[in-house]
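*Asks:* Provided below are the primary sequence and the corresponding predicted coordinates.
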Amino acid sequence: MDYAKKLEGLRFSEISSLIGKLDEGHRKHTKGVAAKVIETDYFGIPSNSSEAPDFENLGIELKVSPLRYIERLKLYTTKERNVLKMVDYKEIADNEEWIQTKVQKKLNRVLFVLYVHDNSLNAWDWKVVKVFIWSPSNQQKKLIQNDYQIMRKNVLAGNNLREGDHKFFATCPKHGGGYLKDKPLNSPRSTLAEHPVMKFAEKRGYCIKREAFILLIAESIGAQLVQSGRSIGISKENLEL
């Protein structure tokens with residue numbers, strides 16, 4: 001955590017200079033830039049799709065996640081849902097509780113590195129604003145289990161999974177596009193995953209919903225959530241150094 005906390009307040013150009021890996025070619029406005037700089041360059045974690053946590057010996061998963069700043073409201077909010085890993089439909093069918101599945105390893109302890117994604121700036125000028133470790137509370141574990149039960153019920157019934165059915169822990173599309181909702185079995189094979197009832201279903205990933213993620217952040221850093229109209233976020237003084 002001492003090493004991770006050094007990231008707070010630094011721009012990506014400063015982080016890359018700090019570790020001697022300033023790459024002028026990585027200036028695109030994508031979260032892939034942020035992930036590479038933090039995960040691969042700073043922490044030395046190779047790109048992989050391992051089931052094990054990123055810091056395997058500590059049981060800690062690393063998530064480099066973007067926030068966005070709403071200037072007119074002076075609030076930070078989450079830019080997107082937080083994707084964890086690919087959904088295994090057979091595993092859901094075979095296990096009654098989420099803690100029996102592989103996604104449990106991705107949720108047990110998470111080191112969140114939050115940065116501000118701003119399309120008006122060069123990616124090298126994006127800044128890390130907060131770093132913290134999170135583990136699900138007992139209440140959050142119950143929310144995850146409730147959502148998991150809804151997923152499992154739908155998998156066993158041969159229904160498509162929908163993010164809108166869930167409050168905290170959900171699934172989202174995880175493919176390059178082309179999936180046909182009306183005729184799923186006619187979809188490109190690259191968009192499909194094996195399913196114990198339907199034979200094939202849409203490739204999806206487990207995620208923490210965007211609305212739940214901003215609440216998770218606020219609770220973890222001891223900040224109050226501020227609501228303005230339909231927007232919910234965290235004020236500048238709680239995130240800016």
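*Replies:* Everything's here; your move. Numbering: from 1, shown residues only.

*Asks:* From here on, just use CA atoms for contacts and neighbour counts.
*Replies:* Noted.

*Asks:* Which residues are in contact with residue 104?
*Replies:* Listed by Cα atoms under 8 Å, 6 or more residues apart in numbering, the contact set of residue 104 reads residue 98.

*Asks:* Just after whichever strand or helix holds it, pick out the following helix or strand.
*Replies:* Following DSSP states H and E, one finds residue 104 within helix 103-107. Downstream of helix 103-107, the next assigned helix or strand under DSSP H and E is strand 110-116.

*Asks:* now the angle between strand 110-116 and the lengthiest strand in the chain, please.
*Replies:* If you go by DSSP state E, the chain has its longest strand at strand 61-70. Counting by axes from the mean of the first three to the mean of the last three Cα atoms, to 10 degrees, strand 61-70 lies at 30 degrees to strand 110-116.

*Asks:* who touches strand 61-70?
*Replies:* Here strand 61-70 makes contact (Cα under 8 Å, 6+ apart) with 31, 34-35, 38-39, 53-55, 75-80, 82, 105-107, 109-118.

*Asks:* ok, for residue 125, nearest residue in space, not its chain neighbours?
*Replies:* Nearest non-adjacent residue to residue 125, counting by Cα to Cα, 6 or more residues apart in numbering: residue 11, 5.4 Å away.

*Asks:* ditto for residue 151
*Replies:* Per Cα to Cα, 6+ apart, closest to residue 151 is residue 161, 6.5 Å.

*Asks:* So for that neighbour, what's the pLDDT?
*Replies:* With respect to pLDDT, residue 161 scores 97.

*Asks:* tell me the SS of it?
*Replies:* Put simply, residue 161 is coil when judged by DSSP: H, G, I helix; E, B strand; the rest coil.
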